[in-house]
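K.L.:
can you look at this prediction? I've put the sequence above it.
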Amino acid sequence: MIKASKLKKSRALQRQRRHWRVRNKVEGTAERPRLVVSRSLKNIEGQIVDDMAGATLLGVSTLNAQLRDFKAEGGNRRTEHAFAAGKLLAERAKEQGIATVVFDRGGYKYHGRVKAFADGAREGGLEF
């Protein structure tokens, strides 16, 4: 465990603290699994997790073969790429019979690529 006095010292530890706060409130079940987002400087990844069983049901990344050759039409390439990844995740979830999820932003602000990923998942048919 990390001391509370050290949590304010780096951005990564601040994000980890926000993620712990979110995870105390959000839990995925078999009926309504958790959609968790992980973000790096270049890529974004989403996983649908059943916390009761402790299993990842499916996951999509911008490094996926279907999204690797993505060409953006507008201004922000990474945001559009995240939107397409969210839409692909939603389509795959629909194939497995998952309609509703709980969104876990992973300690990141609900802005930019994280918001685009969530909007893509909503447009793909997921409800949260």
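P.N.:
Happy to help now that I have it.
K.L.:
now the strands for the chain?
P.N.:
Applying DSSP state E to the chain gives strands spanning 34-39, 44-50, 55-61, 102-104.
K.L.:
where are the low-confidence patches of this structure?
P.N.:
1-8 (pLDDT under 70).
K.L.:
give the contact list for the residue most central in space within it.
P.N.:
Note on the chain: the residue nearest the mean C-alpha position is residue 37, at 1.9 Å, using Cα atoms, centre = their mean. If a contact means Cβ atoms under 8 Å, 6 or more residues apart in numbering, then residue 37 has 44, 45, 46, 103, 104, 105, 106, 108, 114, 117, 118 as its contacts. The way it works is simple: take the backbone N, C-alpha and C, and place the C-beta from them, glycine included.
K.L.:
my read: residue 63 touches residue 40, true?
P.N.:
No. In this structure, residue 63 is not within contact of residue 40 by Cβ atoms under 8 Å, at 10.0 Å.
K.L.:
the more surrounded of these two?
P.N.:
Between residue 63 and residue 40, residue 63 has the larger neighbour count (other Cβ atoms under 10 Å), namely 12 against 9.
K.L.:
number of nearby residues for the closest residue to the more buried one other than its chain neighbours?
P.N.:
Among residues not flanking residue 63 along the chain, residue 43 sits closest, at 5.8 Å (Cβ to Cβ, 6 or more residues apart in numbering). Residues near residue 43, counting by other Cβ under 10 Å, number 17.
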